[in-house]
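Colleague: What would the 3D arrangement of this be:
(one chain, ligands or ions: 1)
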Amino acid sequence: MRWDNLVENPAPTGNSALFTADAVTTRTFDTPEFRGITFHEVRARSIVNRVPGASRMPFEWTVNPYRGCSHACVYCFARKTHSYLDLDTGLGFDSQIVVKTNAPELLRSQLASGHWHGAHIAMGTNVDCYQRAEGRYRLMPGIISALRDHANPFSILTKGTLILRDLELLRQAAEVTDVGISVSVGFVDDALWRTVEPGTPSPGRRLDAVRTLSENGIDCGVLMAPVIPFLGDHPDQLRATVRAIAAAGATSVTPLVLHLRPGAREWYMQWLGNHHPHLVRRYERLYAEGAYAPKWYQRRITRYVHELAAEFGIGPSHPGAARRLPARKEQRSPLDDPGPTQLTLL
Ligand code: SF4
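Modeller: Numbers count the residues shown, from 1 in each chain. A predicted model of the protein is given here:
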């Protein structure tokens, strides 16, 4: 494994984000939820990463406490990043998880640095920060606490219902800064979910999380992603999905059609050949130009989802749109970590 290649983009407060080989501890846990997963614990030198300028992403700074993701979505675009470590981008991505164990303390110190200017920080942009590992390592409470204590705006995108464990911390952060939460639900078809997103909580449980967040005063949008051509794009499926998203109380729905970048493409096409061989030629034609489906297809899906959103009373808007809660009257200590309010194991 090439730990020298565990390089993120340079942060404003650190010299380098290299992890050294002597900082790696490898562990396995013999419990049902972690069986078959190997954790590589590292002490990172930097945790705030700058998104390369050429990126299409609508954010500049990210924090990613993990690499690899046991949610194991077949289409995951982050698979390629595992190849930089000489790790397998297929099953290896699902089961070889890098854990930056010092992420909370490092973030707190980087936020306190005079070089940091309080920019928005996006999480869940590479791999899911509420994947199964988070149930054991509990890095997110420390990360959210640091952001809260520095009133630093942030957003989280996740498929993990474990986010509900940190609901009270999110509430506290939203009182002092802009917090945007988005849950990703591309479809509500359970048969499709079981094969294409096998390590994730079900779409129904994710929508329950949306409901719980909004009932507790945390606005939550849904990134309807991915819409999967020929498997999850039938008008009836789109209608059922948007209806369920609306019923969960999501503040917005933003559709995104499946894209297949190198690394994800090979793994997805292999899965497609095994499960839906009759679709392989259609996919090769639809994605003949590269990683993205043709514009006409994307526009058709987007237009229809927007029509459904209007029909069901939710406006399509910006994913992870941030919002600040009005301050509560009671006082809160900056050191106050209330611990879990609800724990949902994946
Ligand atoms: S939850 Fe997100 S990061 Fe994790 S495997 Fe699925 S798409 Fe990738």
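
Colleague: List, one by one, the residues from this structure near the ligand.
Modeller: 69, 71-73, 76, 78, 127-128, 131, 159, 200 (C-beta under 6 Å from any ligand atom). For glycine as for every other residue, the C-beta is placed from the backbone atoms N, C-alpha and C.

Colleague: By proximity to the ligand, which residue of the stretch 151-300 of the chain wins?
Modeller: Nearest residue of the stretch 151-300 of the chain to the ligand (C-beta to the nearest ligand atom) works out as Lys159 at 4.5 Å.

Colleague: pretty sure that residue is touching Pro201, no?
Modeller: Yes: judged on C-beta atoms under 8 Å, Lys159 makes contact with Pro201 at a distance of 6.8 Å.

Colleague: rewinding a little: so which of the residues of the chain next to the ligand is the most crowded?
Modeller: For the residues of the chain next to the ligand, the largest neighbour count, defined by other C-beta atoms under 10 Å, is 30 neighbours, found at Asp128.

Colleague: so who does that one touch?
Modeller: Counting by C-beta atoms under 8 Å, 6 or more residues apart in numbering, Asp128 makes contact with 66, 69, 71, 158-160.

Colleague: now Leu260
Modeller: When the contact criterion is C-beta under 8 Å, 6+ apart, the partners of Leu260 are 75, 268-269, 287, 291.

Colleague: got it, and Cys76?
Modeller: With contact set as C-beta under 8 Å, 6+ apart, Cys76 has these partners: 69, 93, 127, 264.

Colleague: How about Asn126: what's its closest non-neighbour residue?
Modeller: Spatially, and ignoring its direct neighbours in sequence, Asn126 is nearest to Asn64 (4.7 Å; C-beta to C-beta, 6 or more residues apart in numbering).

Colleague: ok, the one you found - how many residues close by?
Modeller: Around Asn64 sit 23 other residues, with neighbours defined as other C-beta under 10 Å.

Colleague: Helices along the stretch 201-346 of the chain, start to end?
Modeller: With helices called from DSSP state H, counting those that start in this stretch, the stretch 201-346 of the chain shows them at 203-215, 235-247, 264-275, 280-286, 295-312.

Colleague: Now render these as a markdown table, adding distance to Ser182, mean neighbour count and mean pLDDT.
Modeller: Below are these laid out as a markdown table (distance: least, C-beta to C-beta, whole Å; neighbours: other C-beta atoms under 10 Å; pLDDT from 0 to 100):
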| stretch | distance to Ser182 | mean neighbour count | mean pLDDT |
| --- | --- | --- | --- |
| helix 203-215 | 9 | 20 | 97 |
| helix 235-247 | 11 | 18 | 98 |
| helix 264-275 | 20 | 17 | 97 |
| helix 280-286 | 26 | 13 | 98 |
| helix 295-312 | 15 | 15 | 97 |
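
Colleague: returning to what we had before: what is the nearest of the residues of the chain next to the ligand to Arg206?
Modeller: Of all those, the one sitting nearest Arg206 is Lys159; the distance, using C-beta to C-beta, is 6.0 Å.

Colleague: For that closest one, which residues are in contact?
Modeller: 71, 73, 128, 130, 183-185, 197, 200-201, 206.
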